[in-house]
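Trainee: Just need the structure, nothing else, for what follows:
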Amino acid sequence: MEHIEKNKELQFVKNGPWPELYVLTEHWKSDLEFYADDLRFLHHLVDKYFMWITKPENLDMVKELKVGLFHLKNKCHDLLEKVQRHRIQLGEMVADYNKSDANLIRTEHEHLEEEVAKFVTLFRSNRKEVFAITEFIIDSEKLVNLMDNR
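Mentor: You can find the predicted model right below:
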């Protein structure tokens with residue numbers, strides 16, 4: 001029985017789902033590039049309304065929001081680099097199986113998957129906050145009237 005289990009593990013490591021994992025990381029890369037573009041848009045949105053703010057409490061909210069966007073942008077950039085390095089490793093596994101690297105790459109993949117999932121959750125939360133605060137500021141600063149008078 002132990003021999004059968006070792007053989008299954010060896011087959012998984014050798015054949016692994018390396019091509020499938022490679023394709024999955026390509027999706028992660030594409031998603032992260034989209035999030036990076038969306039973060040640029042959100043930063044632009046915040047900057048656009050920042051100059052019209054007169055109330056100190058609103059200025060403080062927007063400053064915090066900008067700091068959050070900055071950290072999120074850095075996290076996205078960091079994840080893109082990690083995903084790219086991981087894709088290269090997976091590509092090498094597809095081309096030339098190396099059992100000594102297989103477990104490490106599989107573990108790295110699992111950790112990276114968790115990081116990407118946490119980032120997506122944080123991104124979505126931050127995006128909702130940007131729109132909620134932008135809407136609040138437009139209403140509280142009466143920017144709607146200012147914008148209508150253009």
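Trainee: burial count for residue 116?
Mentor: The local packing of residue 116 (other Cβ atoms under 10 Å) involves 21 other residues. Where you see a C-beta, it was placed from the backbone N, CA and C, and this is true even at glycine.
Trainee: what's the helix or strand for it?
Mentor: helix 99-140 (DSSP states H and E).
Trainee: same for that helix, what does it pack against?
Mentor: helix 2-15, helix 18-50, helix 56-95 (3 or more Cβ pairs under 8 Å, 6 or more residues apart in numbering; DSSP states H and E).
Trainee: could those go into CSV alongside distance to residue 120 and mean neighbour count?
Mentor: What follows is the helices and strands packed on helix 99-140, written out as CSV (distance: least, Cβ to Cβ, whole Å; neighbours: other Cβ atoms under 10 Å):
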stretch, distance to residue 120, mean neighbour count
helix 2-15, 28, 11
helix 18-50, 8, 16
helix 56-95, 10, 16
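Trainee: re earlier: okay, the angle between the helix holding residue 116 and helix 56-95?
Mentor: When axes from the mean of the first three to the mean of the last three Cα atoms, to 10 degrees is applied, the directions of helix 99-140 and helix 56-95 differ by 160 degrees.
Trainee: so how far is helix 99-140 from its chain's centroid?
Mentor: Centroid separation for helix 99-140 versus its chain: 4 Å, with Cα atoms, centre = their mean, to the nearest Å.
Trainee: That helix - what's its average pLDDT?
Mentor: Average pLDDT, helix 99-140: 88.
Trainee: could the helices and strands packed on helix 99-140 go into TSV alongside distance to residue 105 and mean pLDDT?
Mentor: Output for the helices and strands packed on helix 99-140, formatted as TSV (distance: least, Cβ to Cβ, whole Å; pLDDT from 0 to 100):
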stretch	distance to residue 105	mean pLDDT
helix 2-15	10	47
helix 18-50	8	91
helix 56-95	5	91
